[in-house]
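K.L.:
Structure here, sequence nowhere to be found:
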C-alpha cells in the first residue's frame, strides 16, 4: 500500500482546520498509509532581513530533509510550481505507485516558503493556484486533493 506523507512546517491552530485534516486522514486510510508530519516553525526577529529569512529557510529545510528517505518521491508545494487538474494529479499518484514508488512526500514550507535544497530534492514542484492561501488552509486543501485523487483512481462518485 502506498505511503503518503504531508511534511509541513507549523501546526494547525484552528480546530475546524484540524477537524477537516483529520476527516480526510480518516477517509484516506482506505486507500493509503497517510501521515501528516508537523515540524516546528523556526523563530526569527519581527522584521527579518534577507539573511534572517535565509537562516529560517535553511533551518526548516534541514528538518524537512531529515524526514525524507532516499527512495521517497518528493513533491514540493511552492508558488513557482506547476498547476495540474485533479485528474492529472490522480494520474501522477497512480503512476508513481505503478512505477514502484512506495512513499510520496508532499512538502509544505513555513511562511517564508521552502529552501532551495528542499526544492532541489523534489521530483516535482506543484502549485495549488496562482492565488495565495494561508499555509494552514493549503494543508487542508492538499489533503482534500489527495483524497480526491485516490477517489478518482478508485472510480468512486466523490469526484463528479
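P.N.:
Perfect, thanks for sending it. Model, not experiment: these values are computed from the prediction.

K.L.:
CA only for contacts and neighbour counts going forward, please
P.N.:
Noted.

K.L.:
Flag every buried residue along the helix or strand containing residue 26.
P.N.:
Here residue 26, judged by DSSP states H and E, is contained in helix 15-28. Going by neighbour count (16 or more other C-alpha atoms under 10 Å), the buried part of helix 15-28 is 17, 18, 20, 21, 24, 25, 28.

K.L.:
Just to be sure, residue 156 is in a strand?
P.N.:
No. Looking at residue 156 with DSSP: H, G, I helix; E, B strand; the rest coil, it is coil, so not inside a strand.

K.L.:
Next secondary structure after the helix holding residue 26?
P.N.:
Toward the C-terminal end, the helix or strand that comes next after helix 15-28 (DSSP H and E) is strand 33-39.

K.L.:
all helices of this structure, in order?
P.N.:
15-28, 50-65, 86-98, 116-121, 135-154 (DSSP state H).

K.L.:
thinking residue 153 is in contact with residue 94, fair?
P.N.:
Yes. Judged on C-alpha atoms under 8 Å, residue 153 makes contact with residue 94 at a distance of 7.0 Å.

K.L.:
Scan the chain for its longest strand.
P.N.:
As assigned by DSSP state E, the longest strand anywhere in the chain is strand 73-82.

K.L.:
List the neighbouring strands of that one plus their orientation.
P.N.:
Sheet pairing for strand 73-82, assigned by DSSP bridges, gives strand 103-108 (parallel), strand 124-126 (parallel).

K.L.:
Return the most buried member of the ones you listed.
P.N.:
Each of those was scored by mean neighbour count; the highest is strand 103-108, a mean of 24, by mean count of other C-alpha atoms under 10 Å.

K.L.:
which other residues reach that one?
P.N.:
Where contact means C-alpha atoms under 8 Å, 6 or more residues apart in numbering, the residues beyond strand 103-108 that reach it are 2-9, 64, 68, 71-78, 114, 135, 139.

K.L.:
That's all I had, so thanks and see you.
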